[in-house]
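Visitor: just coords:
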Ligand code: BYC
Ligand code: FE
Ligand code: FE
């Protein structure tokens with residue numbers, strides 16, 4: 001089952017060759033995917049050789065092989081972590097029952113919806129990032145961008161496989177629609193808010209991979225607990241790739257901070273020296289944290305309760321976390337705060353199952369805090385009294401109980417006039433964005449780097465920073 005057929009038109013470890021009908025359906029979808037990649041994937045770099053890792057096996061450590069390939073030749077494939085015998089459902093009303101290896105009829109609509117929502121984010125992010133290659137700060141970063149992009153493409157394959165294999169004709173239609181919706185398109189947008197936001201500069205890209213890909217980590221982890229075993233195993237494998245995306249974001253923002261600190265210590269005017277001022281970094285963090293928190297949905301959600309009860313979507317490490325002892329969650333409560341009309345706050349208690357989105361979001365926030373603490377150590381080391389902070393979950397929200405309410409990043413009510421007057425202190429202004437955009441000039445020479453970011457401590461896969469991560473087919477500056 002887990003042996004990988006790499007030579008197949010669609011590399012896979014799911015025995016695709018034994019299911020001719022499914023194989024034909026996926027081979028019919030493949031050219032549409034490649035057309036979409038050509039139209040909406042990274043613009044301008046399809047003929048270059050990129051030092052990419054490709055999954056060649058799902059065994060621990062053995063799934064990543066590095067070589068220079070053209071992106072259209074990347075081996076997008078279908079990989080599930082190997083089957084475990086006798087899996088059971090680990091939570092909800094059906095706890096202890098055998099896990100499903102087919103779609104449970106009662107939950108077909110809900111499962112399809114979860115898979116479609118997850119799948120839709122993957123091509124969306126590729127679309128959002130498609131122009132960034134033209135302003136890459138170094139070959140190392142250019143390669144990381146493309147690595148993230150091809151893997152998000154593979155995540156789309158993962159969800160499309162589930163739709164084709166388990167949902168028949170309407171699954172195939174959903175798979176087609178994945179290639180039709182477009183990030184930011186007014187008539188046919190991507191499903192979730194954050195995936196329609198433009199990403200036009202590298203500070204946004206690093207914030208996105210730090211904070212929005214991290215929503216991916218938490219959503220995928222909770223789906224990896226699913227009683228629908230094919231979904232669980234697919235998401236488990238996707239998580240191995242997700243770690244690199246968040247690494248790109250966390251170290252990317254860290255390297256920008258590092259560079260700004262170096263310029264400040266040399267007593268240079270950060271702007272004149274082509275660095276990014278700390279207040280702009282904080283505003284970008286505020287923007288991407290808040291749209292990413294919206295991705296968890298409402299704090300009190302009957303959808304979330306249904307998903308949990310049915311055994312479709314669990315908590316983060318539902319089965320593995322020794323602190324989670326009650327896997328039925330029919331009796332517990334979870335504390336929640338809610339706004340009153342006058343902006344004051346009430347503390348209430350939500351039945352545990354209805355609070356699942358909030359529980360996941362709180363775990364996510366703690367993880368974001370951990371990453372930000374790492375950045376703040378850079379200030380401390382430089383002897384500087386400055387901290388990047390995680391904005392309050394009340395600030396700048398579009399989903400849930402805080403949506404549209406005028407709280408500041410500390411969570412204080414400021415009223416609508418107060419919010420409007422000060423929002424330029426908290427979120428990127430057009431001037432901030434124009435300044436960041438003015439820095440976005442590509443650097444394509446081996447071992448060189450842009451003015452606004454420090455080089456990484458080490459390169460990738462044992463290579464140095466001065467390795468030729470991208471071999472250009474022709475002059476990249478004149479495209
Ligand atoms: N934007 O009950 P509620 C990733 C809708 S990221 C627009 O509060 P629910 C990646 C909601 O659909 C991980 N609409 O929420 C990262 C519902 O609509 P209806 C993606 C939103 O359903 C970087 C209504 O509001 N994976 O992989 O419990 C690069 C009330 O909903 C939004 C998943 O999301 C929003 N932000 O939870 C590449 C996992 N939020 O019923 C990839 C699958 C809510 O009124 N998705 N709504 O029509 C889910 O589990 C759930 O759909 C959500 C929402 C957690 C997203
Ligand atoms: Fe993904
Ligand atoms: Fe990702």
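Guide: It's in. In this text, all values refer to a predicted model and were calculated from it rather than measured experimentally. Ligands and ions are numbered 1, 2, ... in the order given.
Visitor: what is the neighbour count of the closest residue to residue 439 other than its chain neighbours?
Guide: Distances taken as C-beta to C-beta, 6 or more residues apart in numbering put residue 452 closest to residue 439, at 4.9 Å, once the chain neighbours are dropped. (Glycine included, C-beta is placed from N, CA and C.) Residue 452: 22 surrounding residues under other C-beta atoms under 10 Å.
Visitor: mind listing what residue 452 touches?
Guide: 137, 256, 259, 260, 274, 275, 276, 439 (C-beta atoms under 8 Å, 6 or more residues apart in numbering).
Visitor: in helices only, show me these.
Guide: Of these, the ones assigned to helices by DSSP state H are 256, 259, 260, 439.
Visitor: and the residue nearest to residue 439, what helix or strand is that in?
Guide: Following DSSP states H and E, there is no helix or strand that holds residue 452.
Visitor: state the distance from it to ligand 3.
Guide: 24 Å (C-beta to the ion, to the nearest Å).
Visitor: mind pulling up the pLDDT for that residue?
Guide: As predicted, residue 452 sits at a pLDDT of 98.
Visitor: what's the answer for residue 1, then?
Guide: 46.
Visitor: poorly predicted segments of the stretch 151-300 of the chain, please.
Guide: Scanning the stretch 151-300 of the chain for pLDDT under 70 picks out no residues.
Visitor: OK, contacts around residue 53?
Guide: When contacts are counted by C-beta under 8 Å, 6+ apart, residue 53 is found next to 64, 65, 66, 147, 461.
Visitor: of these - the most surrounded one?
Guide: residue 147 (24 neighbours).
Visitor: helices of the chain, residue ranges please.
Guide: 20-40, 108-128, 139-166, 168-178, 202-207, 213-223, 229-265, 278-294, 302-310, 356-381, 415-426, 430-439.
Visitor: so which of these is nearest ligand 2?
Guide: The minimum distance between ligand 2 and the helices of the chain falls on helix 139-166, with 3.7 Å, by C-beta to the ion.
Visitor: what number of residues lie near the spatially closest residue to residue 358 that is not a sequence neighbour?
Guide: Closest residue in space to residue 358, ignoring its immediate chain neighbours: residue 299 at 4.3 Å, by C-beta to C-beta, 6+ apart. Neighbours of residue 299 under the rule other C-beta under 10 Å: 25.
Visitor: got it, and residue 242?
Guide: Residue 242: 23 neighbours (other C-beta under 10 Å).
Visitor: and the gap between it and residue 216?
Guide: According to C-beta to C-beta, to the nearest Å, residue 242 and residue 216 sit 6 Å apart.
Visitor: measure the residue sitting furthest away from the middle of the chain to residue 273 for me?
Guide: Distance from the C-alpha centroid of the chain peaks at residue 267, with 36.6 Å (C-alpha atoms, centre = their mean). Residue 267 is 10 Å from residue 273, where distance means C-beta to C-beta.
Visitor: which residue is the nearest non-sequential neighbour of residue 77?
Guide: Closest to residue 77 by C-beta to C-beta, 6+ apart is residue 11, at 3.3 Å.
Visitor: which non-adjacent residue is nearest residue 414?
Guide: In space, residue 414 is closest to residue 408, 4.9 Å off (C-beta to C-beta, 6+ apart).
Visitor: quick one: pLDDT of the closest residue to residue 410 other than its chain neighbours?
Guide: Leaving aside its chain neighbours, residue 410 sits nearest to residue 392 (5.9 Å; criterion: C-beta to C-beta, 6+ apart). At residue 392, the pLDDT value in this model is 98.
Visitor: list the contacts for the residue sitting nearest the centre point of the chain?
Guide: Nearest residue to the geometric centre of the chain (C-alpha atoms, centre = their mean): residue 213, 1.9 Å. Applying C-beta under 8 Å, 6+ apart, one finds that residue 213 lies in contact with 148, 242, 245, 246, 249.
Visitor: also residue 339?
Guide: 345, 346, 394, 401, 402, 405.
Visitor: most neighbours of all the residues you listed, which one?
Guide: Counting by other C-beta under 10 Å, top hit in the contacts of residue 339: residue 394 with 24 neighbours.
Visitor: for burial, what's the neighbour tally of the residue lying closest to it once chain neighbours are set aside?
Guide: Spatial nearest neighbour of residue 394, chain neighbours left out: residue 407 (3.8 Å); criterion: C-beta to C-beta, 6+ apart. Residue 407 sits with 23 neighbouring residues when counted by other C-beta under 10 Å.
Visitor: and the gap between residue 407 and residue 396?
Guide: Distance check for residue 407 against residue 396: by C-beta to C-beta, it reads 8 Å.
Visitor: and residue 358, by the same measure?
Guide: In terms of C-beta to C-beta, residue 358 sits 18 Å off from residue 396.
Visitor: so for these two, which sits in the more crowded spot?
Guide: Taking neighbours as other C-beta under 10 Å, residue 358 and residue 396 compare with residue 396 leading, 26 against 23.
Visitor: could you pull up phi and psi at that one?
Guide: When read as degrees, to the nearest 10, the backbone of residue 396 gives phi 60, psi 40.
Visitor: do I have it right that it meets residue 286?
Guide: Yes - counting by C-beta atoms under 8 Å, residue 286 is a contact partner of residue 396 at 6.8 Å.
Visitor: could you work out the end-to-end span of stretch 198-217 for me?
Guide: 21 Å (C-alpha to C-alpha, to the nearest Å).
Visitor: residue contacts, residue 137?
Guide: Counting by C-beta under 8 Å, 6+ apart, the residues that residue 137 touches are 202, 442, 443, 449, 450, 452, 453.
Visitor: wait, which of these is closest to ligand 3?
Guide: residue 202 (16.4 Å).
Visitor: so what's that closest one up against?
Guide: By C-beta under 8 Å, 6+ apart, the contact set of residue 202 is 132, 135, 136, 137, 141, 252, 440, 453.
Visitor: shared neighbours of residue 396 and residue 286, which are they?
Guide: With C-beta under 8 Å, 6+ apart, residue 396 and residue 286 have common neighbours 409, 426, 427.
Visitor: next, count neighbours for the second one.
Guide: Put plainly, it is residue 426. With other C-beta under 10 Å as criterion, residue 426 counts 21.
Visitor: can you check the last one too?
Guide: Neighbourhood size, residue 427 [other C-beta under 10 Å]: 18.
Visitor: quick one, what contacts it?
Guide: 283, 286, 287, 396.
Visitor: close to ligand 1: what parts of this protein are there?
Guide: 114, 117-118, 121-122, 125, 152, 192-193, 212-213, 215-216, 219, 294-298, 301, 303-304, 313, 357, 399 (C-beta under 6 Å from any ligand atom).
Visitor: buried members of these into ChimeraX, please.
Guide: In ChimeraX syntax, the buried subset of the residues of the chain next to ligand 1 is picked out as below (16 or more other C-beta atoms under 10 Å):
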select :114,117,118,121,122,125,152,192,212,213,215,216,219,294,295,296,297,298,301,303,304,313,357,399
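Visitor: out of everything not next to it in sequence, what's closest to residue 450?
Guide: residue 137 (3.6 Å).
Visitor: what's the spacing between residue 147 and ligand 3?
Guide: 10 Å.
Visitor: which among the contacts of residue 452 gets closest to residue 174?
Guide: Nearest to residue 174, judged by C-beta to C-beta, of these is residue 137 at 37.5 Å.
Visitor: backbone phi and psi for that closest one, please?
Guide: Taking degrees, to the nearest 10 as the convention, residue 137 sits at phi -70, psi -20.
Visitor: tell me the pLDDT of it.
Guide: For residue 137, pLDDT reads 98.
Visitor: so what's residue 18 up against?
Guide: Counted by C-beta under 8 Å, 6+ apart, residue 18 has zero contacts.
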